[in-house]
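please work out how this folds:
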Amino acid sequence: MESLNRSKTGKKIRPIKVVQFGEGNFLRAFVDYMIDIANEQGKFDGDIVLIKPIEFGNLDTFHKQECQYTVSLRGNVNGEGKVINRIVTSVADAVDAINEYDKYMALAEIDTLRFVVSNTTEAGIVYDETDRFELNPPKTFPGKLTKFLYHRFETFGGDPDKGLVMLPVELIDDNGLHLRECVLKQIANWKLSDEFKRWVEDACIFTSTLVDRIVTGYPRATEQEEWEKLGYEDRIMVTGEPFALWVIETPKDIRAEFDLPGAGLPVIFTEDHHPYKQRKVRILNGAHTSFVLAAYLCGKDIVRDSMNDDDIRNFMNRTIYEEVIPTLTLPEDELKAFAAEVESRFNNPFVDHALLAISLNSVSKWRARCLPSLLGFVDKYGKLPVHLTFSIAALIAFYHGTEIKDGVLKGSRDGQPYDIKDDAAVLEFFAAESDKDAAELVKDYLGREDFHGQDLNQVPGLTDAVTAYLTDIRANGMRAAMQHIEK
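This is a model prediction of the structure:
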């Protein structure tokens, strides 16, 4: 079977407008996919060059397929399970920054270049004072970017019209601000000119972004079947869900030159992305964290099956609509629409999302995702939110175990073992405390300021309520206890 290539796609050659640090699945199924649609709709007219910024791996398959690949989106669309395939032709080339250094640096000389996209993982945006300008390239992403920008600055004589727009999608708060800070620190560390520093500050734009799409990657287990359906071999195809959202906080208006919304794409330009991040963390991630541990102890293994269980789905929806949404600041209709999307995404017929995978590090996740909603509810209404409070008891019940083996705490569901994975301090706490009386265990757990950032025993009524729920779970089982709180 012939591989996908430009002769099959009829790719149109467009000016290079984007360099992208990272060639992974997410960027290709999200950013490059959106730009491809914007090109088709006549709203962008630009190509992308992928940059492999690390030593690991190679670009052989990209070159064989001339950077043409398929994005296969699978999930619920208007209540119906669908598969939507699209051949993406927006990528013009892929360059190895280490083994093709001169070719990589020459990208900075392209007159039409305007945007820098990156996804170098959460650990990628870090300042390292030991990084060196003389390295070809510098070892860190901020170091690489700083030297890349400096070469562009020199090439165009500091022309303010040749500044670049940074669009980092790394999953850290205020990613653009952190990247800008790292670049400015590197400029100072390398003693680069004040003129260059001013060019970076004035001519370049560092946006902070929020991205949302579940990307499930290459369908390795079914690749032959996929190729038969497509009619060609595609070794860099990528699968994901239909839902997508890209929120871009920018200090300068860039919509005219990056008009993805005009192409009907789910991109929001804003002066403050934080309310959207709060919405995602508290509704989407908070829903996961609040129900998955209880669902697992009810006998469920994947998210979709949990959504088909009346008790669990009702628990989740009441958590979101009655306890989380009232504490958020975006318009209520927007929040409810997002919540409805969340339930649809959780019920994706093409994704088997394991509850145990989501359970990883649940203590810190509960603090980040659920605690702000609980405290916000108490502050607004002067009483405890029932379902979020119950979720604490469910967490304690899930973390029940006395043996730590190979770095995991061993739990048991219906006589069958399961692995509880978290920080060592968390596992050691539960291993020592799990068999204690419910009241003592709850008091000790809520009192761990290192787990919660504060002593939660100080929240009025919380200790007694969690104790009562945990006692009910121990005596009657998780499902019966969940049913009791709805009476």
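
how about the helices of the stretch 151-300 of the chain, start to end?
175-189, 194-203, 223-230, 274-279, 286-297 (DSSP state H, counting those that start in this stretch).

most packed of these?
Greatest average neighbour count among the helices of the stretch 151-300 of the chain goes to helix 286-297 (a mean of 27), per mean count of other CB atoms under 10 Å. (C-beta placed from N, C-alpha, C; glycine too.)

helix or strand right after that one?
helix 303-307 (DSSP states H and E).

helices or strands up against that next one?
helix 286-297, helix 310-318, helix 332-346, helix 355-358 (3 or more CB pairs under 8 Å, 6 or more residues apart in numbering; DSSP states H and E).

ok so, going back, nearest to His353, out of the helices of the stretch 151-300 of the chain?
helix 286-297 (8.9 Å; CB to CB).

neighbours around Thr471, how many?
16 (other CB atoms under 10 Å).

tell me the contacts of it?
Ala438 (CB atoms under 8 Å, 6 or more residues apart in numbering).

work out for me the element it sits within.
helix 462-476.

what are the buried residues along that helix?
For helix 462-476, burial by neighbour count (16 or more other CB atoms under 10 Å) applies to Leu462, Thr463, Ala465, Val466, Thr467, Ala468, Tyr469, Leu470, Thr471, Asp472, Ile473.

quick one: the third one from Thr250, how far?
The spacing between Ala465 and Thr250, counted by CB to CB, to the nearest Å, is 44 Å.

same thing with the last one?
Ile473 sits 47 Å away from Thr250 when distances are taken as CB to CB.

check contacts around Asn136.
Here Asn136 is in contact with Tyr101 (CB under 8 Å, 6+ apart).

kindly report the same for Arg304.
Here Arg304 is in contact with Phe346, Asn347, Asn348, Pro349, Val351, Asp352, His353 (CB under 8 Å, 6+ apart).

how about the nearest residue to the second one, chain neighbours excluded?
Just to be clear, that refers to Asn347. Met307 (4.4 Å; CB to CB, 6 or more residues apart in numbering).

I'd like to know how many residues surround Gly42.
Gly42 has 10 neighbouring residues, counting by other CB under 10 Å.

secondary structure class of Ser72, three-state.
State at Ser72, reduced to three classes by DSSP: H, G, I helix; E, B strand; the rest coil: strand.

beta partners of Ser412?
Legend: beta-bridge partners of Ser412 under DSSP bridges are Pro417.

next: Asn85.
Ser72.

the residue lying closest to Gly163 once chain neighbours are set aside and Arg132, how far apart?
Using CB to CB, 6+ apart and skipping the chain neighbours, the partner closest in space to Gly163 is Ala203 (2.9 Å). Distance of Ala203 to Arg132, given as CB to CB: 25 Å.

picking up where we left off before, I'd say the residue nearest to Gly163 and Val165 touch.
No. Counting by CB atoms under 8 Å, Val165 is not a contact partner of Ala203; they are 10.2 Å apart.

quick check, Glu66 in a strand?
No. Per three-state DSSP, Glu66 lies outside any strand segment and is coil.

and the nearest residue to Thr89 once chain neighbours are set aside, what are its phi and psi?
The spatial neighbour of Thr89 that comes closest, neighbours along the chain excluded (CB to CB, 6+ apart), is Lys11 at 4.4 Å. Phi and psi for Lys11, reported as degrees, to the nearest 10, are phi -50, psi 130.

enumerate every residue touching Lys11.
Glu66, Gln68, Thr89.

domains for this protein, by residue range?
The chain breaks down into these domains under automatic domain parsing: 6-270, 274-484.

mean pLDDT added to the ones you listed, as CSV?
Output for the domains of the chain, formatted as CSV (pLDDT from 0 to 100):
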stretch, mean pLDDT
domain 6-270, 97
domain 274-484, 97
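
burial measure for the residue nearest to Ile254 when sequence neighbours are not counted, as a count.
Among residues not flanking Ile254 along the chain, Val165 sits closest, at 5.9 Å (CB to CB, 6+ apart). Per other CB under 10 Å, the neighbour tally for Val165 reads 21.
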